[in-house]
Every structure is written in C-alpha cells, then in structure tokens.
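Novice: show me how the following folds:
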Amino acid sequence: MGILQKKCKTTGCKNKQVLANTNYNGVLGQRYYRPWCNDCHNKRTGAKHGLKSVGEVVAKNAGFDSVLDYAHSIHPYLKHRKNYCENIDGRLSFTCTTNVFWTGMLDVDHKNGNPTDHRKRNLQTLCKCCHAYKTNKEKDYNTPGRKALGVKH
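Specialist: Modelled structure (predicted):
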C-alpha cells in the first residue's frame with residue numbers, strides 16, 4: 001500500500017503534494033509523494049541554485065542564459081512565433097477570430113507540412129484551432145517525419 005497524498009508542507013500553501021515516483025526504494029508500484037506541490041518544489045529547487053525555478057536550473061546546466069534560449073535550442077523554429085494568429089488575414093479560407101490571451105494558445109506551423117523545414121518563409125503562427133484545422137485539411141500528419149505517419153485518420 002502506498003503513502004497517502006497530503007497537502008504541500010510549505011506554510012500557507014493549500015496545494016497537494018505531487019507524485020514523484022512509483023518505484024521508490026525499489027518497491028515497484030509504491031507511490032512516493034514529494035513533500036511539496038509542483039510550484040513550491042520548482043521554486044525551492046531554483047532557490048537552491050540562486051535562480052527562480054527548476055526550469056532556469058535546467059537551462060543554466062545546459063549552458064543557456066535563459067529558459068527561452070534553452071527552449072529555442074530544442075525547437076529553433078519557436079523563435080519565429082508571433083503573438084497573434086496569422087490567419088487573421090484569412091489565409092486558411094476563413095478569418096480567425098480567436099482572442100489570444102496567452103502565448104500557449106499559439107503554435108508555429110510548417111506551411112509545407114515538413115516538420116524539419118525550419119526556413120522562416122515556411123513558418124507561420126497559428127492558434128491551436130486554426131492549426132488543427134490546417135493540419136486536418138492539408139493532411140500534414142501524412143508528411144514525412146511525422147510521428148503519425150502510417151496511422152489511419
């Protein structure tokens with residue numbers, strides 16, 4: 001029987017502890033909850049290294065000055081993401097009306113469907129809705145390099 005999940009042990013925090021491992025101390029399937037919630041753990045880990053978050057620690061350890069620089073090193077096309085959906089011009093045969101209030105609502109789409117073609121002219125920023133529509137309409141999931149290649153849609 002696993003350990004019960006409790007509240008985060010940070011004073012004033014009302015979040016629950018986060019599941020850290022299901023194979024702790026070699027007992028397969030046993031649940032182990034970190035004493036802190038995710039937010040408090042990330043802040044504590046960052047503070048141990050004189051930084052704000054665990055993300056900054058990972059970026060610094062990988063040799064980058066910021067989390068954003070680190071993310072761009074993994075996905076270089078992200079540096080071309082705009083802060084709006086480019087389908088506001090109707091390029092997908094309808095005009096996007098999505099109210100973007102968070103950059104997480106935006107994706108960088110490869111116009112030709114090739115996920116390895118990071119030329120700036122092949123990239124466009126689309127909201128999640130427009131990106132899903134374009135991917136389905138143009139069957140981007142069938143282009144070489146896609147994980148879904150060969151999957152029936």
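
Novice: for the residue nearest the centre of the chain, helix, strand, or coil?
Specialist: Residue closest to the average C-alpha location in the chain (C-alpha atoms, centre = their mean): residue 104, at 7.9 Å. Under the three-state scheme (DSSP: H, G, I helix; E, B strand; the rest coil), residue 104 adopts helix.

Novice: give me the pLDDT for it.
Specialist: In this model, residue 104 is scored at 83, pLDDT.

Novice: same check, this time on residue 80
Specialist: 88.

Novice: over to the one 10 residues further on?
Specialist: Here the pLDDT value assigned to residue 90 is 96.

Novice: that one: neighbour count?
Specialist: Residues lying near residue 90 (other C-beta atoms under 10 Å) number 9. Just so you know, the C-beta spots here come from the backbone N, C-alpha and C atoms, and that holds for glycine as well.

Novice: how close does it sit to residue 31?
Specialist: Summarising the geometry, the distance separating residue 90 from residue 31, computed by C-beta to C-beta, to the nearest Å, is 51 Å.

Novice: for residue 130, same thing?
Specialist: The gap separating residue 130 from residue 31 is 40 Å, by C-beta to C-beta.

Novice: between these two, which has more neighbouring residues?
Specialist: When neighbours are counted by other C-beta under 10 Å, residue 130 comes out ahead of the other of residue 130 and residue 31, with 24 against 16.

Novice: isn't the more buried one right next to residue 93, touching?
Specialist: No - under the criterion of C-beta atoms under 8 Å, residue 130 is not in contact with residue 93, lying 10.8 Å apart.

Novice: report how many residues lie close to the closest residue to residue 95 other than its chain neighbours.
Specialist: Sequence neighbours aside, residue 88 is the residue nearest to residue 95 in space, at 6.3 Å (criterion: C-beta to C-beta, 6 or more residues apart in numbering). Residues within reach of residue 88, counting by other C-beta under 10 Å, total 14.

Novice: my read is residue 20 is in a strand, agree?
Specialist: Yes - following the definition three-state DSSP, residue 20 is counted among the residues of a strand.

Novice: how about it, what does it touch?
Specialist: Listed by C-beta atoms under 8 Å, 6 or more residues apart in numbering, the contact set of residue 20 reads 32-34.
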